[in-house]
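S.K.: Following is a predicted model, sequence given first.
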Amino acid sequence: MQKVFIIMGSKSDLPVAEKAAVLLKKFNIGYEIAVASAHRTPGRVQSMVESSDADVFIAIAGLSAALPGVVAAHTCKPVIGVPVSGGVNLDSLLSVVQMPPGIPVAAVGLDRGDNAAILAAEILGLGDPALFDKMKEYRKEMAEKVEADSEQVVADVRR
């Protein structure tokens with residue numbers, strides 16, 4: 001079974017992780033979730049990553065946001081970093097996107113646990129035709145919603 005491992009730098013990142021969990025459930029993708037800090041529990045992060053059978057990792061962190069990079073340092077599997085907003089949003093964002101050569105982390109926008117889940121599903125869908133089809137259907141549903149919203153706006157403005 002394909003699996004995503006969501007690792008949060010702290011419990012306060014849970015609302016962002018929940019956005020990812022909702023979509024992973026929608027697409028019937030197994031996942032596990034844990035809290036481990038790149039700075040306060042580096043050994044725990046390393047142990048969790050190296051012993052995991054996950055296919056994709058989602059690492060969620062704010063402030064210096066070192067967690068995605070530390071996860072990537074311990075696996076050759078895809079890592080998706082989710083920077084968490086805070087007092088100085090650029091800190092976490094730049095920490096996730098400015099990785100050194102050879103240790104990439106895919107980055108999504110601030111607090112975009114939902115986009116991290118979608119990207120994980122797209123990665124997993126490369127080897128799973130049924131999941132790939134679910135992703136195409138999801139895109140179709142989003143397009144239909146935009147079109148319906150447009151029709152509603154036009155109707156409301158014309159009143």
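M.R.: All right, it came through fine. Numbers count the residues shown, from 1 in each chain.

S.K.: Now do the helices in the protein.
M.R.: Using DSSP state H, the helices of the chain run over 14-26, 42-51, 67-73, 89-97, 113-125, 129-158.

S.K.: okay if I get these as CSV plus mean neighbour count, distance to residue 83 and mean pLDDT?
M.R.: Heads up, the C-betas are built off the backbone N, CA and C, glycines and all. Listed next are these as CSV, based on neighbours: other Cβ atoms under 10 Å; distance: least, Cβ to Cβ, whole Å; pLDDT from 0 to 100:
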stretch, mean neighbour count, distance to residue 83, mean pLDDT
helix 14-26, 18, 9, 98
helix 42-51, 15, 17, 97
helix 67-73, 26, 8, 97
helix 89-97, 18, 4, 88
helix 113-125, 22, 10, 98
helix 129-158, 11, 23, 95
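
S.K.: How much space separates the most centrally placed residue in the chain from residue 124?
M.R.: The residue lying closest to the centre of the chain (Cα atoms, centre = their mean) is residue 116, at 2.4 Å. Residue 116 is 13 Å from residue 124, where distance means Cβ to Cβ, to the nearest Å.

S.K.: For residue 60, which of the helices of the chain is the nearest?
M.R.: helix 14-26 (5.2 Å; Cβ to Cβ).

S.K.: Quick one: distance of that closest one to the chain centre.
M.R.: Here the centre of helix 14-26 is set off from its chain's centre by 9 Å, with Cα atoms, centre = their mean, to the nearest Å.

S.K.: Mind exporting the C-alpha coordinates of that helix to PDB?
M.R.: Taking Å, rounded to 0.1, in the frame of the first residue of the first chain, the C-alpha atoms of helix 14-26 are listed here in PDB:
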ATOM      1  CA  LEU A  14      -1.400  20.400  13.200                       C
ATOM      2  CA  PRO A  15      -3.900  22.600  11.300                       C
ATOM      3  CA  VAL A  16      -1.600  22.600   8.300                       C
ATOM      4  CA  ALA A  17      -1.100  18.800   8.500                       C
ATOM      5  CA  GLU A  18      -4.900  18.300   8.800                       C
ATOM      6  CA  LYS A  19      -5.300  20.000   5.400                       C
ATOM      7  CA  ALA A  20      -3.000  17.300   3.900                       C
ATOM      8  CA  ALA A  21      -4.800  14.500   5.800                       C
ATOM      9  CA  VAL A  22      -8.200  15.400   4.500                       C
ATOM     10  CA  LEU A  23      -7.100  15.100   0.900                       C
ATOM     11  CA  LEU A  24      -5.000  11.900   1.500                       C
ATOM     12  CA  LYS A  25      -8.100  10.300   2.900                       C
ATOM     13  CA  LYS A  26     -10.200  11.600  -0.100                       C
END
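
S.K.: Lovely, talk soon.
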